[in-house]
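# build me a structure from this.
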Amino acid sequence: MTEVVDRTSSSNRAAAGTAATTQPAAPAAATVDAAELGELLLGKWAHIRHTARDLAGRPEVHKIEGLTHTEHRKRVFGQLKYLVENNAVHRAFPASLGGSDDHGGNIAGFEELVTADPSLQIKAGVQWGLFGSAVMHLGTEEHQNKWLPGIMSLEIPGCFAMTETGHGSDVASIATTATYDEATQEFVINTPFRAAWKDYIGNAAEDGLAAVVFAQLVTRNVSHGVHAFYVQLRDPDTKEFLPGIGGEDDGVKGGLNGIDNGRLHFTDVRVPRTNLLNRYGNVSPEGEYTSPIASPGRRFFTMLGTLVQGRVSLDGAAVAASKVALTAAIRYAAERRQFNASSPTEEEVLLDYQRHQRRLFTRLATTFAASFAHEQLLEKFDDVFSGRHDTDADRQDLETLAAALKPMSTWHALDTLQECREACGGVGFLIENRFASLRADLDVYATFEGDNTVLLQLVAKRLLADYAKEFRNVGFGVLARFVAAQAADVAINRTGLRQVAQFVADTGSVQKAALALRDEEGQRTLLTDRVQSMVAEVGSALKGANKLPQHQGAALFNQHQDDLIEAAQAHAELLQWEAFTEALGKVSDPGTLQVLTWLRDLFGLSLIEKHLSWYLMNGRLSMQRGRTVGAYINRLLVKIRPHALDLVDSFGYGPEHLRAAIASGAEKERQDEARGYFRAQRASGNAPAEEKSLLALKGRKSS
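Numbers count the residues shown, from 1 in each chain. All right, here's what the predicted structure looks like:
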């Protein structure tokens, strides 16, 4: 019966759950079809997500809080075996080896594991998404047939040994070397100094028997850049390091303590020539290097591009974590009562306070936007890795899209978990409600699989390249029109004419200003204009930088680095807004469409409010119109309030995924018990008199 009550229309639920409210009710006509919306959110691989959520809901894979890191590691390794037994990790591998060649479905299922235990999700990602994928995508069929069966079955637990103590994001500069010895037809692997040790490597401290080691390939005294090598680390029987290999345990971390991160170092470790994963670069027995990709730079980025799935999966996992946090926080806020704001006897539920709505609904809107954007990223990933659309341009687009969205979703998840924790007060700090635990585990998401700031710089460089390409070979007429447009832009935006025009158009009317801001095209124009203007401004400032001496060019670039990253972030926000807007076109239920449109508007206007100073300083908004942004956001909050529970219900996470006591309905029981007690006390006539009431009565009598 509970399930039926939970799925009733949003207007009825709001009426039932709120006895007193400080705000007017939204129009009753709009309701949310949570089931339809839920299927839209599940996306193309809905059937796989359902299967993965069923698995993630089982106690066998749940995180047990309070374990030591040693106990947690042992439990998670056992859970990897459980995943193998339940066919949960092989979707992306070749059908010939027992997989299903389903790259998008593999990621869709994998990212759901974050609701069970982020340590399990990431350790599974190390084993199959990094170690296994490196063998599959960087190696040949011979490598796949030799090692993938053991990797898939967990007979060969492995590591992805790329990051070094001295080089994280700058992979091209790693110092580990693999030097070819023609006499023995072996590569000799060395970490020549302490900063070259492989560091923060999952499975390195205890479980890893082998590793894909990234090193500078040297043959005939020529370095051909970073390549990947399959290296046996430990004796499978004794689990002791093999000769020449050593390591350390990274120990207890700020989160993800179910993973045995560690350091690895190599001294004259010899591996056969055939252990080079040679899809993109090979060395003959005689030591001759060949590659199907002539350019060393393009070869490097092609090899790294095959490993983009880590960023794609983190984007989706971060979105899932945000959904879990908001579901728990919004359900609690719809039940928890505090302060007699509008009634002498009834306290208000937290979700009726405007500030509480601001804290949660704006993040709810962003989560929907991030979810729809992730689905687009996942489809793009599947198109490339399935081979349907796998040109150089497609791979570059995928790289850029992943680099844009992963920072946004991971930062958003951390912000959302913290805000939800605070919005739930002291009870939100209890580990049983998972906010603090999830935030600790997801903290590292912002810096691994690519540091967020570095990834945004990659996006910015792509934006600049596209901008430069657009004007590299244009004719005089096109260039003249562009210059004229820039001149007009300066005249309108920087002399205040646009501000005056807006003020005249608004004629002092807040209603007209609000209508202009809530218009879809109006939001698109503002968001797009910000990206284009920022890129054009930096592009103009950096014009000719590549012709300067290296140190001068680097200094000029550094002067504009912050502007570049801001432009990339604006681009990513626009991508999320566009994904949300496109998703609206897939909604058939009118009520759901109305509520989602309000939510999309809330997301768009929140972005405009966030960057309001830019819009005002650059003349894109008048002061008059700028003042209406916050007011219109507040009106949207009122409209969305009755539908908040239906919106989080559409995420589709049950109690077995939330596992948060505050989302169990226990708070409503406590509040109802308290309200019943005081109601009965008042009805009995025996309730103690309030001192302030007696003083007020005495004051009236004396007057």
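# what's near enough to touch Phe187?
Counting by C-beta atoms under 8 Å, 6 or more residues apart in numbering, Phe187 touches Ala178, Thr179, Tyr180, Asp181, Leu217, Phe229, Arg270, Val271, Pro272, Arg273, Asn275, Leu276. C-beta: built from backbone N, CA, C; applies to glycine.
# what number of residues lie near the third one?
Other residues within reach of Tyr180, judged by other C-beta atoms under 10 Å, total 23.
# picking that back up, looking at the contacts of Phe187, which is nearest Thr366?
Each of these was scored against Thr366 by C-beta to C-beta, and Phe229 proved nearest at 41.7 Å.
# who wins for neighbours among the contacts of Phe187?
Of the contacts of Phe187, with other C-beta under 10 Å as the count, Ala178 tops at 27 neighbours.
# go ahead and confirm it touches Phe229.
Yes. Ala178 lies in contact with Phe229 (C-beta atoms under 8 Å); the separation is 5.6 Å.
# so what sits against both of the two?
By the contact definition C-beta under 8 Å, 6+ apart, Ala178 and Phe229 are jointly contacted by Phe187, Ile189, Val213, Ala215, Val271, Leu276.
# distance check, the spatially most central residue of the chain against Gln309.
In the chain, the centroid-proximal residue (C-alpha atoms, centre = their mean) is Ser409; its distance is 2.7 Å. For Ser409, the distance to Gln309 (C-beta to C-beta, to the nearest Å) stands at 15 Å.
# swap in Leu636?
Taking C-beta to C-beta, one finds Leu636 at 36 Å from Gln309.
# give the contact list for the nearest residue to Pro296 once chain neighbours are set aside.
Once flanking residues are discounted, Pro296 sits nearest to Gly225: 5.2 Å by C-beta to C-beta, 6 or more residues apart in numbering. Going by C-beta under 8 Å, 6+ apart, Gly225 touches Ala172, Gln216, Leu217, Pro296, Arg299, Phe300.
# look up phi and psi at Gly225.
Per-residue torsions, Gly225: phi 90, psi -170 (degrees, to the nearest 10).
# same question for the one 4 residues further on.
The main-chain torsion angles of Phe229 are listed as degrees, to the nearest 10 and equal phi -130, psi 140.
# quick one: contacts for it?
Contact analysis of Phe229 by C-beta under 8 Å, 6+ apart lists Ala178, Phe187, Ile189, Val212, Val213, Phe214, Ala215, Val271, Asn275, Leu276, Leu277.
# what is the nearest of those to Thr447?
Set against Thr447, the nearest of those by C-beta to C-beta is Phe214 (18.2 Å).
# ok, how many other residues are close to that closest one?
When neighbours are counted by other C-beta under 10 Å, Phe214 comes out with 25.
# so what's the residue nearest to the centre of the chain closest to, chain neighbours aside?
In space, Ser409 comes closest to Ala318 once its chain neighbours are excluded; the distance is 4.1 Å by C-beta to C-beta, 6+ apart.
# three-state assignment of the one you found?
When classified by DSSP: H, G, I helix; E, B strand; the rest coil, Ala318 comes out as helix.
# show me the contacts for it.
Ala318 makes contacts with Ala370, Lys406, Ser409, Thr410, His412, Ala413, Leu442, Tyr445, as judged by C-beta under 8 Å, 6+ apart.
# out of these, list just those in helices.
Among the contacts of Ala318, DSSP state H puts Ala370, Lys406, Ser409, Thr410, His412, Ala413, Leu442 in helices.
# can I get those in TSV including pLDDT and distance to Ala572?
Converted to TSV, the ones in helices among the contacts of Ala318 look like this (pLDDT from 0 to 100; distance: C-beta to C-beta, whole Å):
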residue	pLDDT	distance to Ala572
Ala370	98	10
Lys406	97	9
Ser409	98	9
Thr410	98	12
His412	98	11
Ala413	98	15
Leu442	97	18
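# quick check on the residues you listed: which are buried?
Ala370, Lys406, Ser409, Thr410, His412, Ala413, Leu442 (16 or more other C-beta atoms under 10 Å).
# right, and the last one touches Gln418 too?
No. Between Leu442 and Gln418 no contact is recorded; they are 10.6 Å apart, counting by C-beta under 8 Å.
# only the buried residues of the host helix or strand of Thr628, if you could.
According to DSSP states H and E, Thr628 maps onto helix 623-640. Neighbour counts over helix 623-640 (16+ other C-beta under 10 Å) mark Gln624, Arg625, Gly626, Thr628, Val629, Tyr632, Ile633, Leu636, Leu637, Val638, Lys639, Ile640 as buried.
# what about dumping the CA coordinates of that helix to PDB?
The C-alpha trace of helix 623-640 is given here as PDB (Å, rounded to 0.1, in the frame of the first residue of the first chain):
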ATOM      1  CA  MET A 623      20.300  46.400 -14.300                       C
ATOM      2  CA  GLN A 624      16.500  46.400 -14.500                       C
ATOM      3  CA  ARG A 625      16.300  42.900 -16.100                       C
ATOM      4  CA  GLY A 626      19.100  41.600 -13.900                       C
ATOM      5  CA  ARG A 627      17.000  42.400 -10.800                       C
ATOM      6  CA  THR A 628      14.200  40.100 -12.000                       C
ATOM      7  CA  VAL A 629      16.300  37.000 -12.300                       C
ATOM      8  CA  GLY A 630      16.200  36.100  -8.600                       C
ATOM      9  CA  ALA A 631      12.600  37.000  -8.300                       C
ATOM     10  CA  TYR A 632      11.600  34.800 -11.100                       C
ATOM     11  CA  ILE A 633      13.700  31.900  -9.700                       C
ATOM     12  CA  ASN A 634      11.700  32.300  -6.500                       C
ATOM     13  CA  ARG A 635       8.400  32.000  -8.400                       C
ATOM     14  CA  LEU A 636       9.600  28.800 -10.100                       C
ATOM     15  CA  LEU A 637      10.400  27.300  -6.700                       C
ATOM     16  CA  VAL A 638       6.800  27.700  -5.600                       C
ATOM     17  CA  LYS A 639       5.600  26.000  -8.800                       C
ATOM     18  CA  ILE A 640       8.000  23.100  -8.400                       C
END
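# mind listing the helices for the stretch 551-700 of the chain?
For the stretch 551-700 of the chain, the helices defined by DSSP state H, counting those that start in this stretch occupy 561-584, 590-610, 612-617, 623-640, 644-649, 655-658, 666-684, 691-702.
# mean pLDDT for the ones you listed: which is lowest?
In terms of average pLDDT, helix 691-702 trails the rest of the helices of the stretch 551-700 of the chain, at a mean of 76.
# determine the three-state secondary structure at the closest residue to Asp646 other than its chain neighbours.
Distances taken as C-beta to C-beta, 6+ apart place Val32 nearest to Asp646, at 3.9 Å, with adjacent residues excluded. Classification of Val32 by three-state DSSP places it in coil.
# wait, Val32 sits on Gln594?
No. Using C-beta under 8 Å, Val32 makes no contact with Gln594, being 9.0 Å away.
# shaky segments in the stretch 351-500 of the chain?
470-500 (pLDDT under 70).
# just the helices in it please.
354-386, 392-423, 435-442, 452-472, 476-493, 497-506.
# ok, back up a step: dump the contacts of Ala318 to JSON lines, plus distance to Arg679.
Below are the contacts of Ala318 laid out as JSON lines (distance: C-beta to C-beta, whole Å):
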{"residue": "Ala370", "distance to Arg679": "43"}
{"residue": "Lys406", "distance to Arg679": "52"}
{"residue": "Ser409", "distance to Arg679": "46"}
{"residue": "Thr410", "distance to Arg679": "47"}
{"residue": "His412", "distance to Arg679": "42"}
{"residue": "Ala413", "distance to Arg679": "41"}
{"residue": "Leu442", "distance to Arg679": "43"}
{"residue": "Tyr445", "distance to Arg679": "47"}
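# give me the number of residues near Asp250?
Using other C-beta under 10 Å, Asp250 has 17 neighbouring residues.
# ok, now the one 5 residues further on?
Summarising burial for Gly255: neighbours were counted as other C-beta under 10 Å, giving 19.
# quick one: it from Arg439, how far?
Gly255 sits 8 Å away from Arg439, going by C-beta to C-beta.
# same check on Asn203?
For Asn203, the distance to Arg439 - C-beta to C-beta - is 24 Å.
# which one of those two is surrounded by more residues?
Set side by side, Asn203 and Arg439 show more neighbours around Asn203, with 27 against 21, by other C-beta under 10 Å.
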